[in-house]
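Below are the sequence and a predicted model; questions follow.
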Amino acid sequence: MKLMKLFSLLFLSLGFIQCGSTKFDQTPPFKILSAKMTHITGGVPGVSSLDVYLQYTAATKPTVKHLYFRGKKTTAIIEQKLDNPYIVARFKEEDNAERYDLELQKDVKKEYGNTTAKKAEKFPFELQQNEAVLSYEVNGKLRYYKISNIKENTPVRMR
């Protein structure tokens, strides 16, 4: 009986450990042909972005969700450029100072001396500078695919 309890406790604890780590898909329903990133500075002062382009091939259009890259997360979209399909993610970059969410109080007395607070979201992956993780959906299940060797294009300045 004690052996059975020990075995079930061990099995249960391994299950919890497994749930805590993210598994990457080894065979996603698409193939990444090329991965590139470009820094883009716009015509408006303080407006710039880091755009990641993943050229892919697939039998059916994938349902992409987010791209995780360099400590940030943004929505990924599908775009067509010169008859080639791309998964695109645009990370807005802030010039000058970081922007913060305001936490306002209903009580005026509590509002006095209130400062902005940055809400930090823990980044779920440990990645190199040239790596990203794409989240996508298959049959209602969220999956993750790690992309390595993202090439850096020459920065673009818009006028």
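Looks like it arrived, so ask away.

where's His39 relative to Glu152, distance?
8 Å (C-beta to C-beta, to the nearest Å). (C-beta placed from N, C-alpha, C; glycine too.)

Name the residue in these two with the higher neighbour count.
His39 (16 against 12; other C-beta atoms under 10 Å).

these two touch, right, that one and Leu50?
Yes. Assessed by C-beta atoms under 8 Å, His39 is found in contact with Leu50 at 5.6 Å.

Need the residues touching each of the two.
Glu93 (C-beta atoms under 8 Å, 6 or more residues apart in numbering).

Residue ranges in this structure under the pLDDT threshold?
1-21, 94-106, 110-121 (pLDDT under 70).

Tell me which stretches of it form strands.
31-41, 47-57, 63-69, 72-81, 84-94, 132-138, 141-147, 151-152, 156-157 (DSSP state E).

Go through those and name the closest to Lys23.
Taking C-beta to C-beta, strand 141-147 is the member of these nearest to Lys23, at 7.4 Å.

Quick check: buried residues in that closest one?
Across strand 141-147, burial judged by 16 or more other C-beta atoms under 10 Å covers Arg143, Tyr144, Tyr145, Ile147.

again, but for stretch 76-92
Buried residues in stretch 76-92 (16+ other C-beta under 10 Å): Ala76, Pro85, Tyr86, Ile87, Val88, Ala89, Arg90, Phe91.

how about CSV for those residues, with distance to Pro28 added?
CSV is the format used below for the buried residues of stretch 76-92 (distance: C-beta to C-beta, whole Å):
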residue, distance to Pro28
Ala76, 13
Pro85, 14
Tyr86, 15
Ile87, 11
Val88, 17
Ala89, 16
Arg90, 22
Phe91, 22
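
quick one: contacts for Asn130?
Ser148, Asn149, Ile150, Lys151, Glu152.

Only whichever of those are buried, select them in PyMOL.
PyMOL command restricting the contacts of Asn130 to the buried ones, with burial defined by 16+ other C-beta under 10 Å:
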select buried, resi 150
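
Tabulate the CA atom coordinates of stretch 123-132 in CSV.
Below are the C-alpha coordinates for stretch 123-132, written out as CSV (Å, rounded to 0.1, in the frame of the first residue of the first chain):
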residue,chain,number,x,y,z
PHE,A,123,8.8,36.7,-20.2
PRO,A,124,8.1,33.0,-20.5
PHE,A,125,11.1,32.0,-22.6
GLU,A,126,14.9,32.1,-22.4
LEU,A,127,16.0,33.1,-25.9
GLN,A,128,19.1,34.3,-27.6
GLN,A,129,19.1,37.7,-29.5
ASN,A,130,18.4,36.0,-32.8
GLU,A,131,15.7,33.6,-31.5
ALA,A,132,11.9,33.9,-31.3
